[in-house]
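[1] A structural model of the following input is requested.
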Amino acid sequence: MRLFLKLFFAFLVTVGSLLTGPSVGAGDNMLMVVEAFARATAGQAKNGAAFLTVMNHGSEDDFLVAVETTAAKRPELHTHIHDNGIMRMRQVAEIKVPAGGSAALKPGGDHVMLMGLVAPLTAGAALPLVLVFKHAGRITVDMPIGSVAAAAPPGSAHSGHSGHSGHHMKPAKKN
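    The predicted structure follows:
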C-alpha cells in the first residue's frame, strides 16, 4: 500500500507539473517551480529582475542558495527591507522553502536580481536560469520574459491571458 501511495503521489506531481511548471525530486524533497517570469528591461538598463514561486512537497525544509545564468554577470538573491522608512534591496545568502510550504519570489519582496546583464531582457524571449538548492540540487528553468511592468508570467491567468509555457520535469542533480 505504501508503494502504491508513493507511485500515486508521483503521478499527481507529474500531472500537476504539466499544468504548473518544472519539478524535481531529490531524496525526500520534491520541489516544484511555478509562476516563473522575468521583466523586460527598459532602454540600456544593466540590471534586471526575475520572479518565481518554489513549492516544497517534501518533508524537509530546503533553501535556495544560488542562481546561475549566462544572461548576467552577477545573478543574486535579494530581498527588500525597510530602513528608516525607505525600502532598500539587500542581497541574502539563502531563501527558505519550508517543508509542505512555498517561497514566493515576487515584486516588492524576495527576488532574483540580475546584475550586469550581457544583453537586454526582451519581452517574448526566455531567460535561462539554474536555481541551486541546498538539498534538492539544481533546477533549470527557462523563464518567459514579460513586459517592463509585468506582475505575472506572460500567458498566466494573472496576466490577463491564458496558456502555459515551459513545462517539464527534470531530476535534480546533486552537487
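[2] Give me the buried stretch members for the helix or strand containing Met115, please.
    Following DSSP states H and E, one finds Met115 within strand 111-117. For strand 111-117, a neighbour-count test (16 or more other Cβ atoms under 10 Å) marks 111-114, 117 as buried. Every residue, glycine included, has its C-beta placed from N, CA and C.
[3] With stretch 141-161 instead?
    Using 16+ other Cβ under 10 Å as the test for burial, stretch 141-161 gives 141, 143-146, 150, 152-156, 159.
[4] ok, back up a step: and the buried residues of strand 111-117 as TSV, adding distance to Thr53 and pLDDT?
    What follows is these, written out as TSV (distance: Cβ to Cβ, whole Å; pLDDT from 0 to 100):
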residue	distance to Thr53	pLDDT
His111	11	97
Val112	12	98
Met113	17	97
Leu114	18	98
Leu117	23	98
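[5] Let's see the strand holding Met115 as PDB, backbone CA atoms only.
    Output of strand 111-117 as PDB, limited to C-alpha atoms (Å, rounded to 0.1, in the frame of the first residue of the first chain):
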ATOM      1  CA  HIS A 111      13.500  38.100  -5.900                       C
ATOM      2  CA  VAL A 112      16.400  37.200  -8.300                       C
ATOM      3  CA  MET A 113      18.500  40.300  -9.100                       C
ATOM      4  CA  LEU A 114      20.400  40.100 -12.400                       C
ATOM      5  CA  MET A 115      23.300  42.400 -12.100                       C
ATOM      6  CA  GLY A 116      25.400  43.300 -15.200                       C
ATOM      7  CA  LEU A 117      23.100  42.000 -18.000                       C
END
